[in-house]
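Novice: Have a look at this fold, sequence not included:
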């Protein structure tokens, strides 16, 4: 039998026990709510993309007459957008006048939108190999030259196809440092416009390339913007001569 003096104490003890139980329950619930949960999901889809590149191939004067001679090959990659075929074809005299086989593909628009348009490295590699089969190409004299989006391609393509090219000309192009880390041992001539809106990024690409041991020479044109640097570079005879000779004609300089 419980003493009357003990009853208040037992009631308080009972209430304390209920409170303690409730707090313990809430603590467990909160801990479960805060605990991180990791799940594994698997996504499997079959994505197929069919690519079609329209290309222009120009052979040099005397090509048909000398079936024993192998010629330099120049692959030109245009900038962003899809130029009209005839306009692009008719604007390539600055390259097609050289003693070389000139290959000019047109980058098709992306189905995902203009901001996703880019050169496909696998497709370009296959294109060069196909040109090798059909034309008298000197395998030691293949060059890639590009402007803007194509300039970035002239950085990236040799990384993806390290055995195909002997030199690269980059006009207003960028490249991710990871690609530069594994860039092949070929010379690069990079052209930058002093007033190009992406000059800083282009110069950072060259700096990264040099840190990774890439043999790159940069030429800067004073007063040239993004379009102006292309206009100046494509009329620079020293660069054009370099595309078709084994002599290193590159210069680290600032031109007026």
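Specialist: Happy to help now that I have it. Please read these numbers as outputs of a predicted model, since none were measured by experiment.

Novice: Could you use CA atoms for every contact and neighbour count after this?
Specialist: Will do.

Novice: can you give me the strands in the stretch 1-150 of the chain?
Specialist: Under the criterion DSSP state E, counting those that start in this stretch, the stretch 1-150 of the chain carries strands at the ranges 54-58, 71-77, 101-106, 137-147.

Novice: which of the ones you listed sits most buried?
Specialist: Most buried of these, by mean neighbour count (mean count of other CA atoms under 10 Å): strand 71-77, with a mean of 24.

Novice: What residues of stretch 39-56 count as buried?
Specialist: Buried residues in stretch 39-56, counted by 16 or more other CA atoms under 10 Å: none are found.

Novice: Name the residues that touch that stretch?
Specialist: By CA atoms under 8 Å, 6 or more residues apart in numbering, the surrounding residues in contact with stretch 39-56 are 89, 102, 103, 104, 105, 106, 107, 108, 123.

Novice: Between those residues, which sits nearest residue 80?
Specialist: residue 107 (8.4 Å; CA to CA).

Novice: if I read this right, that closest one contacts residue 119, doesn't it?
Specialist: Yes: Residue 107 lies in contact with residue 119 (CA atoms under 8 Å); the separation is 6.2 Å.

Novice: Is the nearest residue to residue 192 once chain neighbours are set aside bridged to anything, and to what?
Specialist: Nearest residue to residue 192 in three dimensions, chain neighbours excluded: residue 220, at 4.8 Å (CA to CA, 6 or more residues apart in numbering). Beta-bridge partners for residue 220, by DSSP bridges, are residue 192, residue 254.

Novice: What is the neighbour count of residue 220?
Specialist: 21 (other CA atoms under 10 Å).

Novice: and the gap between it and residue 113?
Specialist: 33 Å (CA to CA, to the nearest Å).

Novice: now residue 37
Specialist: 37 Å.

Novice: swap in residue 81?
Specialist: Using CA to CA, one gets 11 Å for the distance from residue 81 to residue 113.

Novice: Tell me which of these two has more neighbours.
Specialist: residue 81 (16 against 8).

Novice: show me the contacts for the closest residue to residue 58 other than its chain neighbours.
Specialist: Among residues not flanking residue 58 along the chain, residue 102 sits closest, at 5.2 Å (CA to CA, 6+ apart). For residue 102, the contacting residues are 56, 57, 58, 59, 73, 74, 75, 76, 95, 96, by CA under 8 Å, 6+ apart.

Novice: And residue 145, by the same measure?
Specialist: Taking CA under 8 Å, 6+ apart as the test, what residue 145 contacts is 74, 75, 76, 77, 151, 154, 168, 169, 170, 171.

Novice: Three-state assignment for residue 155, please.
Specialist: Under the three-state scheme (DSSP: H, G, I helix; E, B strand; the rest coil), residue 155 adopts helix.

Novice: any chance you could map the helices in this structure?
Specialist: With helices called from DSSP state H, the chain shows them at 7-34, 85-90, 93-96, 121-134, 149-160, 177-181, 199-211, 226-234, 237-243.

Novice: tell me the most buried of these?
Specialist: For the helices of the chain, the highest mean count by mean count of other CA under 10 Å goes to helix 149-160, at a mean of 24.

Novice: what's the angle from it to helix 199-211?
Specialist: 20 degrees (axes from the mean of the first three to the mean of the last three CA atoms, to 10 degrees).

Novice: Can you give the contact residues for helix 149-160?
Specialist: Contacts for helix 149-160 (CA under 8 Å, 6+ apart): 76-80, 118-119, 121-122, 124, 144-146, 164-165, 168-175, 179-180, 182-184.
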